[in-house]
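Participant: Sharing a model that was predicted from the sequence below.
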Amino acid sequence: MKQFWTPGELRYESLSKAKMKQVLITLWNIPEGSRPGILVEHVKNLFMVYKMHELRVSQKQRLKEWETEMNYISSDSAKIYVENEADLEGPPRNFTYINHYIAGDNVTIPKSPPFGCLCEPECTIGSFCCGKLWNSRSAYGRDQRLLAELGTPIYECNKLCRCPPNCRNRVVQNGRVIDLAVFRTKNGCGWGLKAMQVIGKGAFVCEYTGEVITNKEADKRFNYAFTGDKTYLFGLSYNSKTNYPYSVDGSLFGNITRFINHSCDPNIVVYPVWVDCLDPNIPRLAFFSRRMIRRGEELTIDYMCQLKEEEEIISETFLSSQCQDPTLLSEHASWNGLTITCKCGADSCRKYLF
């Protein structure tokens with residue numbers, strides 16, 4: 001089937017049954033020993049193209065069904081698209097779309113905050129809102145764009161707060177408002193996620209979901225990566241880099257953020273966010289744009305979070321080195337012994353993830 005691929009793209013001419021029938025009749029009317037070799041090869045290629053077309057039609061149908069299913073389940077107001085113009089890969093197997101964390105064995109996710117803010121009629125950057133109640137700071141401006149430096153914990157208003165649902169401090173909890181597409185990359189990095197509209201700097205893009213598991217279970221699943229199975233583990237390590245008790249696994253349960261690839265020069269960054277669950281060890285993981293992102297541009301994060309401290313990022317603040325240390329393994333990373341080779345292609349590529 002290699003003849004149907006141009007560099008990074010699947011391409012072929014669709015057939016008509018009438019054309020196939022005409023060629024077959026022509027071939028049939030020629031005595032077997034007198035059939036031109038070039039005609040025989042042409043007929044073989046026609047059958048291969050016809051088989052390719054059948055596979056492609058089936059693939060498109062399955063991808064459309066997957067797209068429809070995800071949009072039906074998703075609680076976000078924005079749409080999800082699915083595209084594959086690179087190969088014949090279909091939807092991932094054994095993957096269930098979810099909107100929020102689910103608790104794994106021996107994990108409890110509390111959903112009852114002890115208190116909320118008293119801001120009325122709404123929260124302002126100067127009010128004693130949830131961020132200040134938890135010794136942090138106001139995270140968003142009036143336009144709900146990010147103000148907080150990287151590594152700053154974000155405490156959004158919760159269900160006990162007196163402020164309205166459209167409060168400036170209710171961003172992640174109100175869901176994704178940006179259309180995104182799961183797409184098959186053309187550089188051998190499997191599935192990816194891209195923007196279907198322009199995204200301004202400092203905007204909330206999407207939230208990582210999955211199964212919250214103990215680190216004992218996470219260690220087991222991480223080791224599966226060495227036997228060929230893929231894992232999508234994200235360490236919830238905001239409070240401790242070494243003794244954090246939980247990780248999030250997006251392998252079997254998750255949303256479209258599962259398909260975000262790595263780049264050493266990423267365009268989105270992750271922040272820990274607390275809303276109704278105020279367990280310090282179970283923050284929600286929200287992705288925000290670190291610069292303007294073009295329509296059609298792939299979304300990427302730095303799996304190792306090694307970002308430049310001096311680089312300006314959002315709302316005239318600067319990056320700090322304080323960052324979650326996610327352990328994410330996806331199709332974008334390829335095993336080379338015990339080393340994961342980076343294939344991001346950025347000018348600043350470190351060549352290896354670790």
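Facilitator: Structure received.
Participant: just for the stretch 201-350 of the chain, where's the confidence low?
Facilitator: Judged by pLDDT under 70, the stretch 201-350 of the chain has its weakly predicted residues at 225-231, 240-242, 305-340.
Participant: Apart from its neighbours in sequence, what residue is nearest residue 148?
Facilitator: residue 139 (4.5 Å; C-beta to C-beta, 6 or more residues apart in numbering). All C-beta spots, glycine's among them, are computed from the backbone N, C-alpha and C.
Participant: ok, that neighbour to residue 126 distance?
Facilitator: Counting by C-beta to C-beta, to the nearest Å, the separation of residue 139 from residue 126 is 14 Å.
Participant: Mind checking which of these two has more residues around it?
Facilitator: Between residue 139 and residue 126, counted using other C-beta atoms under 10 Å, the more crowded position is residue 139 (27 against 8).
Participant: Number of residues surrounding residue 256?
Facilitator: There are 24 residues near residue 256, going by other C-beta under 10 Å.
Participant: Now do the contacts for it.
Facilitator: 70, 80, 180, 182, 193, 206 (C-beta atoms under 8 Å, 6 or more residues apart in numbering).
Participant: do the same with residue 247
Facilitator: 212-215, 218, 233-236, 327.
Participant: Now it: closest residue in space, sequence neighbours ignored.
Facilitator: residue 218 (3.9 Å).
Participant: State whether residue 273 is indeed within a strand.
Facilitator: Yes: assessed with DSSP: H, G, I helix; E, B strand; the rest coil, residue 273 lies in a strand.
Participant: residues near the closest residue to residue 104 other than its chain neighbours, how many?
Facilitator: Spatially, and ignoring its direct neighbours in sequence, residue 104 is nearest to residue 213 (3.9 Å; C-beta to C-beta, 6+ apart). Using other C-beta under 10 Å, residue 213 has 23 neighbouring residues.
Participant: Is residue 213 in a helix, a strand, or coil?
Facilitator: Assigned by three-state DSSP, the conformation of residue 213 is strand.
Participant: If it is in a bridge, with which residues?
Facilitator: Note on residue 213: beta-bridge partners by DSSP bridges are residue 247.
Participant: Contact partners for it?
Facilitator: Counted by C-beta under 8 Å, 6+ apart, residue 213 has contacts 104-105, 107, 221, 246-249.
Participant: Could you pull out the helices in the stretch 51-200 of the chain for me?
Facilitator: 130-133 (DSSP state H, counting those that start in this stretch).
Participant: so residue 202 touches residue 292, yeah?
Facilitator: No: Residue 202 is beyond contact range of residue 292, at 9.6 Å (criterion: C-beta atoms under 8 Å).
Participant: Comparing those two, which residue is more hemmed in?
Facilitator: Set residue 202 next to residue 292 and count neighbours by other C-beta under 10 Å: residue 202 wins out with 22 against 13.
Participant: hang on, the earlier thing: could you measure from the residue nearest to residue 148 over to residue 272?
Facilitator: For residue 139, the distance to residue 272 (C-beta to C-beta) stands at 11 Å.
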